[in-house]
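S.K.: I'll drop the sequence and a predicted model, then ask my questions.
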Amino acid sequence: MSQSNLTSNEFAQLIQKGSRTELNAVSSGLCEKMELYLKAVMRADAQVAQDCAHAAFEKVYIKVKTGEIKDLDNFYGYCIRSARNELLMHKRSSSRVRPLDSSGEEKEVQSSAEETIEILHSDEKEEALTKCLSELKPKRKQFFLRILNHINHSDKEAAELLGMTHAQYRTKKSRTIAVLRQCVDRVLGK
């Protein structure tokens, strides 16, 4: 099934059909095209393009699944516009808050769960993380604990084990880690 000729109704039927293999293939293709667009046209770096494409896809996926988007002939174009909007929101929010290290240089922000756990190794940080975990909404906390169970698996394998698409998994994981990171920074007064 060609992603560029896909309608929202066809994508909804694909979701309802429940063929995870076909759905993952179409979803991966759409995400790759959104990433490519963001890198080539919008000049986003690779990681930001990937994160924004996955975040946009998750939002579009949920809208199709819940019936918010119906009878859309150019579903591919809608996905591209959604990815563009996600990148613009990312740029807007990152222009407001840029963490700096002691020398005034921008800090590199870690993105994987393994790196986050490694950073939070000290006792003080561990206490802050425990506090932040208790403050998480129940569904987000449950998801975070589930991804920790699959920490040694690739994102793709973990997504399959959790019954999610790869795009959904990456987006939920990165959002949850970002919320925890912000909370820990707030608790530690950074």
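M.R.: That came through, no problem.
S.K.: pLDDT weak spots in this structure?
M.R.: Low-confidence segments of the chain, defined by pLDDT under 70: 1-4, 95-123, 190.
S.K.: all strands for it, in order.
M.R.: Per DSSP state E, the chain carries no strands over any range.
S.K.: okay, Glu126 and Phe75: tell me how far apart.
M.R.: Using CB to CB, to the nearest Å, we find Glu126 at a distance of 45 Å from Phe75. In this view, the C-beta of every residue, glycine as well, is placed from N, C-alpha and C.
S.K.: and if you look at Glu22?
M.R.: Per CB to CB, Glu22 is found 15 Å from Phe75.
S.K.: and the two? Which one has more around it.
M.R.: Ranked by neighbour count (other CB atoms under 10 Å), Glu22 and Phe75 place Phe75 first, with 22 against 12.
S.K.: for the residue nearest the centre of the chain, list the residues it contacts.
M.R.: Taking CA atoms, centre = their mean, the centroid of the chain lies closest to Thr171, which sits 1.7 Å from it. For Thr171, the contacting residues are Asp51, His54, Ala55, Phe57, Glu58, by CB atoms under 8 Å, 6 or more residues apart in numbering.
S.K.: apply 7 Å and report the result again.
M.R.: In this structure, Thr171 makes contact with His54, Ala55, Glu58, judged by CB atoms under 7 Å, 6 or more residues apart in numbering.
S.K.: specify which member of the residues you listed is nearest to Arg81.
M.R.: Nearest to Arg81 among the contacts of Thr171 is Ala55, at 13.7 Å by CB to CB.
S.K.: hmm, the closest one is touching Glu86, no?
M.R.: Yes: Ala55 lies in contact with Glu86 (CB atoms under 7 Å); the separation is 5.1 Å.
S.K.: where exactly do the helices run in this structure?
M.R.: 8-17, 20-40, 46-66, 75-96, 113-119, 123-135, 138-149, 155-161, 166-187 (DSSP state H).
S.K.: distance to Ala159 for the contacts of Thr171 - can I get that in CSV?
M.R.: Shown next, in CSV, are the contacts of Thr171 (distance: CB to CB, whole Å):
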residue, distance to Ala159
His54, 11
Ala55, 15
Glu58, 12
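S.K.: quick one: which of the residues you listed has the most company?
M.R.: His54 (27 neighbours).
S.K.: count the residues that sit near Val187.
M.R.: Residues lying near Val187 (other CB under 10 Å) number 17.
S.K.: ok, the residue nearest to it when sequence neighbours are not counted - contacts?
M.R.: Computed as CB to CB, 6 or more residues apart in numbering, the closest residue to Val187 that is not its neighbour in sequence is Ala128, at 4.1 Å. When contacts are counted by CB under 7 Å, 6+ apart, Ala128 touches Val184, Val187, Leu188.
S.K.: my guess is Val26 contacts Ala12. True?
M.R.: No: contact criterion CB under 7 Å: Val26 and Ala12 do not qualify, at 11.9 Å.
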